[in-house]
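Asks: Task: produce atomic coordinates for the following.
(chains A and B)
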Amino acid sequence: MQTIKQALLGATSALVLFMAPSLAKADELTLCWAAWDPANALVELSKDFTAKSGTQMKFEFVPWPNFADRILNELNSGGKLCDLLIGDSQWIGGSAENGYYVKLNDFFDKEGIKMSDFADAAVNAYSTWPKGTPNYWALPAMGDANAWFYRKDWFAKPEIQAEFKQKHGRDLAPPKTWDELKEVAEFFNGREIDGKKVYGAAIFTERASEGITMGASSALYSYGFKYENTPGKYDMEGAVNSPDAVAGLEAYKELYKCCTPPGYTDAYMSESLDAFKSGQVAMAMNWFAFFPGLYKDEKVGGDKIGFFVNPKEKVAASTLGGQGISVVSNTDNMKGALAYIKWFAQPDVQKKWWSLGGYSVHKAVLTDPSFPESQPFAADFLVAMNQVQDFWQEPSYAILLQAMQKRLHDYVVADKGTAKEALDGLVKDWTEVFKDDGKLN
Amino acid sequence: MPKFRKETQVTSVTDTSSSILGKAAQATPAPLASRIRGISDRTMAWLFITPAIVLLLAINIFPLIWAVYLSFTNYRANRPNAPLENVGLSNYSRVLSDPNIWQAMQTTAHFVFWTIFLQTLIGFSLAYLIDRKFRGHAFWTTVILVPMMLSPAVVGNFWRFLYQPQIGLFNYIVSFLTGIPPSSFEMLGSVQLSPWAIIIVDTWMWTPYVMLICLAGLRSIPDYIYEAAEVDRASLWRQFWSITLPMALPFIMLAVLFRGIENFKMFDMVTLLTGGGPGSTTEVASITLKREAFESWRTGRASAFAIILFVAVFGLANIYVKALNKVKQR
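Replies: Take a look at the predicted model:
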């Protein structure tokens, strides 16, 4: 009898141990995102979800340079790492068409989640595919755009102010146009401030992932670059390589050549932050997502830092960043993942998300009268989100992006050819991709 | 010695494998012994090599065949649901007519040629010096071998800092020697200098490897040949050209073969140092292949490119090995 009891006990223990992972999985969700400041805010915010639902949250944060590679490999291989994914806006076309994301329309209808509660530009960019249709594959999670920050304390120095006014006949202030931006960058470049040589601006020049495309787009969009002459027709000749686009690309190269710190040939988010935090540059571009951290920085934050939206040249435009949160089709915990989306969509949660450093695009947050004053960059964020333009969101976005990375880096950093040749080449590359996709004859 | 070991000890080199098996079987517990006794030598041999063959098939041969198959299709790994179509030789013709790929092949050839040339020259010179057996030569041999023992990831990051134009030691040394301001040139950001920056790092890291192989070659030359040459009053110069170099040549050629194959597929160092940039200046074939396969996700085309690279390396290596064998037979 004793032996039988022992055997039963052993068998039960073995069964419990065997089942343990799957039991734990039922009350556990893994959320995948990039490793950056807002991700820490999300960890903090998600504690409320755990407290309310009892579901443990696990996080898989991948550094930006490897984010697309790592996560797209995961999706393509049918992996089960992520239950929830805050994926880049450009991934939505491919992820929707390949069935990697769960379509959320029925769920939204059932739970009373309205997309009209979120900023229109964000819904279009982060949630829909095909574009312009009410097919939702994500809930807008993190609004973002490329913008600028500058050394307010340097700009305010009387001797610098006086010299700038004497030279340019106007007050030194955050630039409103790309011409002004270059003027200010040139003014600071090579100047000695507080006993240290400084440079004009830190911009994006990274080659491997998306850096130079995101940076140069800020100039291209402002000068009037368009992807197509007629939206949805893929007629790129005369739009991608228009005289305005050529002028925009030339302006970006001039800014790179004149005013970036030495060795700035492969720089993206972290290099821009490093250059600014180490007191090397007067101005820098980066995503709004980093602005809360920059403002809190002991050395260069607070009164020493100011922010401005991407300068206009012909068109008021900002490069779109940000992401929506999607449920991965392969999840073993669909119920839990949807519950997280439902929880995250609540206005109170969205308000807390903003207060912790996440960029909510819920109208309850954005239209709150106190919002523009809630952070020194909040008003600029509102402006930027109303003028955002995004890269292709096609299923072939990765090929399109790689072609642009190569063409731009060859021209801007490696001095190969002219801006016109670079953009003509880009039209050729993109035409080939759309022909392969059967979207062009 | 325990009884078991004593009983199974091989007593003579003339023992047949069957008698060894028999003794092994006697020493093992009864059920296992009876099973082993029923197995022929041939079966036993197959049992031993089967795991290796299975692994080889699974890890090398199957992916190779699969890649050949994919190279004739329009398959994209990021679109598993898209219909798979046979595109014939289209992927091959597009790869071979793509100027970017030819550019990458030229970059690779430049990199392979100069790294091998410098590594062979410096490696052989170092081996020749070390072979003199001066005082402390063992210590210096160890010092010279250190770079080779480091991980390429460490070396790449380490040199990235050394090449940094504002704080990098390399720029300061050049500045000290030439008087050029350290921030006035960028080893990794300049179109002219970046290929050489990579060649310098690879040479720094892998010259010791070439040196080791060359040293083995030099030490294999019998002393009596030099003694005979000295009796014939041959000068050191003559001894070097008539004895040392010809007899060490197979070893040098072997080092060139190993480094050639290795550098043809160079990926890690270039990725860490320049990522293929500026522009596409240092984009070697392996980086182009990786971008095609895992960033653009054109799996079919990437497979065609991989097969072309494989055939090129395999063919060149075979021609080279034949030349090496001829040199050895002389």
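Asks: From residue A:204, how far off is whatever residue of chain A ends up closest to chain B?
Replies: Per CB to the nearest CB, residue A:414 is where chain A lies closest to chain B, at 2.7 Å. Any C-beta I mention is one placed from the backbone N, CA and C, and that applies to glycine too. Residue A:414 is 16 Å from residue A:204, where distance means CB to CB, to the nearest Å.
Asks: which one of these two has more residues nearby?
Replies: Each of residue A:414 and residue A:204 has its neighbours counted (other CB atoms under 10 Å in any protein chain shown); residue A:204 has more, 27 against 21.
Asks: and the strand or helix carrying residue A:306, which strands flank it?
Replies: Secondary structure assigned from DSSP states H and E places residue A:306 in strand A:305-308. If you go by DSSP bridges, strand A:305-308 pairs up with strand A:146-151 (antiparallel).
Asks: Neighbours of residue B:228, how many?
Replies: 12.
Asks: quick one: it is in a strand?
Replies: No - going by DSSP: H, G, I helix; E, B strand; the rest coil, the assignment for residue B:228 is helix, not a strand.
Asks: Please tell me the pLDDT value assigned to it.
Replies: pLDDT, residue B:228: 94.
Asks: Closest residue of chain B to chain A?
Replies: Nearest to chain A, among the residues of chain B, is residue B:279, at 2.7 Å (CB to the nearest CB).
Asks: Grab the nearest non-local neighbour of that residue.
Replies: Nearest non-adjacent residue to residue B:279, counting by CB to CB, 6 or more residues apart in numbering or on different chains: residue A:414, 2.7 Å away.
Asks: How about residue B:110?
Replies: residue B:195 is the one closest to residue B:110 (CB to CB, 6+ apart), at 6.3 Å.
Asks: Ok, residue A:219 next?
Replies: residue A:252 (4.0 Å).
Asks: next one: residue A:421
Replies: Nearest residue to residue A:421, sequence neighbours excluded (CB to CB, 6+ apart): residue A:411, at 7.5 Å.
Asks: ok, now which ones touch the one you found?
Replies: A:249, A:253, A:417-419, A:421-422, B:279 (CB atoms under 8 Å, 6 or more residues apart in numbering or on different chains).
Asks: Spell out which residues of the stretch 201-350 of chain A are next to chain B.
Replies: A:207-208, A:261-266 (CB under 8 Å from any CB of the partner chain).
Asks: Near chain A, which residues of chain B? Just list them.
Replies: Near chain A, when you scan chain B using CB under 8 Å from any CB, you find B:74, B:77-81, B:100, B:164-166, B:183, B:186, B:188-189, B:191, B:274-281, B:291, B:294-298.
Asks: I'd like to know which of the residues you listed are part of helices.
Replies: Using DSSP state H, the subset of those located in helices is B:100, B:291, B:294.
Asks: which among those residues gets closest to residue A:303?
Replies: residue B:291 (44.5 Å; CB to CB).
Asks: Around that closest one, how many other residues sit close by?
Replies: Residues near residue B:291, counting by other CB under 10 Å: 23.
Asks: Who are the contact partners of it?
Replies: A:402, B:276.
Asks: Show me the residue at the heart of the chain, geometrically.
Replies: No chain specified, so I'll use chain A. residue A:321 (2.8 Å; CA atoms, centre = their mean).
Asks: think we crossed wires, I meant chain B
Replies: The residue lying closest to the centre of chain B (CA atoms, centre = their mean) is residue B:262, at 3.2 Å.
Asks: If we ignore the residues flanking it in sequence, what's nearest that one?
Replies: residue B:206 (7.7 Å).
Asks: And for residue A:211?
Replies: residue A:268 (3.8 Å).
Asks: give me the number of residues near the one you found?
Replies: Using other CB under 10 Å, residue A:268 has 22 other residues around it.
Asks: thinking it is in contact with residue A:67, fair?
Replies: No - between residue A:268 and residue A:67 there is no contact under CB atoms under 8 Å: 11.6 Å.
Asks: Select only the buried ones of the residues of chain B next to chain A in PyMOL?
Replies: Selection of buried members from the residues of chain B next to chain A for PyMOL, criterion 16 or more other CB atoms under 10 Å in any protein chain shown:
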select buried, chain B and resi 74+77+78+79+100+164+165+183+186+188+189+191+274+275+276+277+278+279+280+281+291+294+295+296+297+298
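Asks: which residues of the stretch 51-200 of chain A fall in strands?
Replies: Listed in chain order, the strands of the stretch 51-200 of chain A (DSSP state E, counting those that start in this stretch) span A:56-62, A:84-88, A:139-142, A:146-151, A:192-193, A:196-197, A:199-202.
Asks: Dump the ones you listed into JSON lines; add mean neighbour count and distance to residue A:347 as well.
Replies: Shown next, in JSON lines, are these (neighbours: other CB atoms under 10 Å in any protein chain shown; distance: least, CB to CB, whole Å):
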{"stretch": "strand A:56-62", "mean neighbour count": "16", "distance to residue A:347": "21"}
{"stretch": "strand A:84-88", "mean neighbour count": "26", "distance to residue A:347": "19"}
{"stretch": "strand A:139-142", "mean neighbour count": "28", "distance to residue A:347": "13"}
{"stretch": "strand A:146-151", "mean neighbour count": "24", "distance to residue A:347": "25"}
{"stretch": "strand A:192-193", "mean neighbour count": "12", "distance to residue A:347": "45"}
{"stretch": "strand A:196-197", "mean neighbour count": "12", "distance to residue A:347": "47"}
{"stretch": "strand A:199-202", "mean neighbour count": "26", "distance to residue A:347": "36"}
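Asks: if we can go back for a sec, can you give the contact residues for the strand holding residue A:306?
Replies: For strand A:305-308, the surrounding residues in contact (CB under 8 Å, 6+ apart) are A:147-152, A:155, A:174-175, A:291, A:294-295, A:297, A:376-377, A:380.
Asks: which two in these are spaced the farthest apart?
Replies: Checking the contacts of strand A:305-308 with CB to CB, the most distant pair is A:175 and A:297, at 22.2 Å.
Asks: Mind checking which of those two has more residues around it?
Replies: Taking other CB under 10 Å, residue A:175 and residue A:297 do not tie; residue A:175 has more neighbours (21 against 14).
Asks: and residue A:66, how many neighbours?
Replies: Residue A:66: 14 neighbours (other CB under 10 Å).
Asks: now do residue A:37
Replies: 17.
Asks: What distance do you get for it to residue B:237?
Replies: 67 Å.
Asks: then stretch B:40-49 to CSV, C-alphas only?
Replies: Taking C-alpha atoms only, stretch B:40-49 is exported to CSV below (Å, rounded to 0.1, in the frame of the first residue of the first chain):
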residue,chain,number,x,y,z
SER,B,40,29.5,-7.4,-37.3
ASP,B,41,32.5,-5.1,-37.8
ARG,B,42,30.8,-3.4,-40.7
THR,B,43,27.7,-2.7,-38.7
MET,B,44,29.8,-1.4,-35.8
ALA,B,45,31.6,0.9,-38.2
TRP,B,46,28.3,2.2,-39.5
LEU,B,47,27.0,2.7,-36.0
PHE,B,48,30.0,4.9,-35.2
ILE,B,49,29.8,7.0,-38.4
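Asks: and that stretch, what's its mean pLDDT?
Replies: For stretch B:40-49, mean pLDDT rounds to 90.
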